[in-house]
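Asks: I would like to see how this sequence folds:
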Amino acid sequence: MEQKTLVAIVLGVLVLIAAVQAYQFSELKSKLSGGSTQVVAAASPAGGSAPQLPSNLQNLPQMVGGC
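Replies: Numbering: from 1, shown residues only. Now for the predicted structure:
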């Protein structure tokens with residue numbers, strides 16, 4: 001197979017994949033803007049305070065990694 005033909009086939013497949021992803025993105029965007037999704041909030045405890053963490057989780061650093 002000639003190199004130009006192979007490059008054209010690969011380019012065609014990439015364009016086809018991009019078109020499918022653009023269609024999926026537009027469908028997802030229309031679903032999200034249409035309000036068909038529901039956001040469920042986590043229920044807070046009856047006392048209104050945060051639940052007590054185990055002792056090994058209370059002294060964790062605020063940031064992990066990074067600069």
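Asks: number of nearby residues for Val15?
Replies: The burial count assigned to Val15 is 10, neighbours taken as other Cβ atoms under 10 Å. For every residue, glycine as well, the C-beta is placed using N, CA and C.
Asks: and it, what is it in contact with?
Replies: If you count contacts by Cβ atoms under 8 Å, 6 or more residues apart in numbering, Val15 has none.
Asks: how near is it to Leu6?
Replies: 15 Å (Cβ to Cβ, to the nearest Å).
Asks: do the same with Ser33
Replies: Look at Ser33 and Leu6: by Cβ to Cβ, they are 41 Å apart.
Asks: Centre of the chain to stretch 5-22, how far?
Replies: Relative to the centre of its chain, stretch 5-22 is centred 24 Å away, using Cα atoms, centre = their mean, to the nearest Å.
Asks: Give me the mean pLDDT for that stretch.
Replies: In this model, stretch 5-22 has an average pLDDT of 97.
Asks: buried set for that stretch?
Replies: Residues of stretch 5-22 classed as buried: none (neighbour count, 16 or more other Cβ atoms under 10 Å).
Asks: With stretch 55-63 instead?
Replies: Buried, per 16+ other Cβ under 10 Å, within stretch 55-63: nothing.
Asks: Can I get it as CSV, trimmed to CA atoms?
Replies: C-alpha atoms of stretch 55-63 as CSV (Å, rounded to 0.1, in the frame of the first residue of the first chain):
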residue,chain,number,x,y,z
SER,A,55,-8.6,9.8,64.7
ASN,A,56,-6.3,8.7,61.9
LEU,A,57,-8.1,11.1,59.5
GLN,A,58,-8.1,14.2,61.7
ASN,A,59,-4.5,15.2,61.2
LEU,A,60,-4.2,15.1,57.4
PRO,A,61,-2.4,17.9,55.5
GLN,A,62,-4.5,20.4,53.6
MET,A,63,-2.6,19.9,50.3
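Asks: Thanks again, I'm all set now.
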